[in-house]
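> Everything below, folded, please.
(2 chains)
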There are 2 protein chains.
Amino acid sequence: MNFNLDEAIEVLERMPQALESLLTGLSDGWLLHNEGDGTWHTTEVIEHLTLAEKTNWLPRLEIILQKGESKPFPPFDRYAHLQEASVRSLEQKLLEFKTIRAENIARLRTLVEPEKHLELTGLHPAFGVVKVRELLSTWVVHDLTHTAQIVRVMAKRYTTDVGPWSEYLGILNK
Amino acid sequence: MNFNLDEAIEVLERMPQALESLLTGLSDGWLLHNEGDGTWHTTEVIEHLTLAEKTNWLPRLEIILQKGESKPFPPFDRYAHLQEASVRSLEQKLLEFKTIRAENIARLRTLVEPEKHLELTGLHPAFGVVKVRELLSTWVVHDLTHTAQIVRVMAKRYTTDVGPWSEYLGILNK
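Sure, this is the predicted structure:
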């Protein structure tokens, strides 16, 4: 096992700024590109990350700490953000993500003492018994997997443009 | 075809800051993790990106503009950065990448007029005839593929820690 709370927080606290540095000011050609019907463009990924901050990580952590395995987590609707028609700009969405992430990290620090809480268990609606350590590790990997998605979607805009170099660029075949 | 010089530059000019925001101050546990023997950790990826700035993109562009197909590009040794024993910190390496990237973008703007130059051709040692547009598209996708690599390598540190959630996290199986 590699999980360490301080190291996990290092990634969680950097991610909003990293995404802001990458995405702010990009043309719509980059921000609204997707991988085909039913796939997400970059702005939708940011909305999904923000929704998970609101309804997934901290609420689930609090259920484990307060109720243990006696109350299953409510299911997380991974597509709920697609229902909310939103006219806000990407910059406003990034700011919302950054703000709620900072609040959640502050709350995480007050709630979790690693020596006491990481092995506590709760009840996931699909997986059954899960641990605080697993939930918090997943929070970090979830950030990283959606960052990989954002750069993959952007890369694919140039699938044809790169010509023969596509042979060296595995990201274009994923 | 989607390539557009201004949009390509949008990505090229944001990437050093995005990587700096993600990586500066991370623990060595994150920065020195790799995917096993013969794979790169994050610091090696930054060294590789910097080497490509020095020896690949602009030098090749200049060969095309000056010599066309009459002189093949020198081969790019994708592993050459691994030979240079370096004691500099990640922060110093990120600064070097950022500095040379900014210089290269400035030079790119002076060298390339899209209406005149994008379809000009040069001779790649493995692929044969390639176009300026293909070279510049590849520069962008190369940034994105190595960013995907960095976040994938980081994510894999927690492959076991996430427990049953690995089922939802495709990045861990790549």
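> residue boundaries of the helices in chain A?
Assigned by DSSP state H, the helices in chain A fall at A:5-23, A:28-31, A:42-55, A:57-67, A:90-111, A:114-117, A:132-156.
> Now do the buried residues in the last one.
Which is helix A:132-156. A:132-156 (16 or more other C-beta atoms under 10 Å in any protein chain shown). For every residue, glycine as well, the C-beta is placed using N, CA and C.
> what's the angle between that helix and helix B:132-156?
Here helix A:132-156 points in a direction 180 degrees away from that of helix B:132-156 (axes from the mean of the first three to the mean of the last three C-alpha atoms, to 10 degrees).
> what's the answer for the first one, then?
What separates the directions of helix A:5-23 and helix B:132-156 is an angle of 160 degrees, with the same axes, to 10 degrees.
> so what secondary structure elements neighbour helix A:5-23?
Applying 3 or more C-beta pairs under 8 Å, 6 or more residues apart in numbering or on different chains; DSSP states H and E, we find helix A:5-23 packed against helix A:42-55, helix A:90-111, helix A:132-156, helix B:5-23, helix B:28-31.
> Make TSV out of those helices and add mean pLDDT and distance to B:Pro74.
Output for those, formatted as TSV (pLDDT from 0 to 100; distance: least, C-beta to C-beta, whole Å):
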stretch	mean pLDDT	distance to B:Pro74
helix A:42-55	95	36
helix A:90-111	97	41
helix A:132-156	98	26
helix B:5-23	98	22
helix B:28-31	96	31
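> ok, and which of the ones you listed has the densest surroundings?
Mean neighbour count (mean count of other C-beta atoms under 10 Å in any protein chain shown) peaks for helix A:132-156 among these, with a mean of 24.
> Now do that one: distance to the chain's middle.
Chain-centre distance of helix A:132-156: 6 Å, with C-alpha atoms, centre = their mean, to the nearest Å.
> again, but for stretch A:72-81
The answer for stretch A:72-81 is 13 Å, by C-alpha atoms, centre = their mean.
> Could you export it as PDB, keeping only the C-alpha atoms?
Extracted in PDB, the C-alpha atoms of stretch A:72-81 (Å, rounded to 0.1, in the frame of the first residue of the first chain):
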ATOM      1  CA  PRO A  72     -25.000   2.500   2.500                       C
ATOM      2  CA  PHE A  73     -23.800   5.500   0.500                       C
ATOM      3  CA  PRO A  74     -26.400   7.000  -1.700                       C
ATOM      4  CA  PRO A  75     -25.500   6.100  -5.300                       C
ATOM      5  CA  PHE A  76     -23.400   8.700  -7.200                       C
ATOM      6  CA  ASP A  77     -24.900   9.600 -10.500                       C
ATOM      7  CA  ARG A  78     -21.900  10.000 -12.700                       C
ATOM      8  CA  TYR A  79     -23.900  11.700 -15.400                       C
ATOM      9  CA  ALA A  80     -26.000  14.100 -13.300                       C
ATOM     10  CA  HIS A  81     -23.900  17.100 -14.300                       C
END
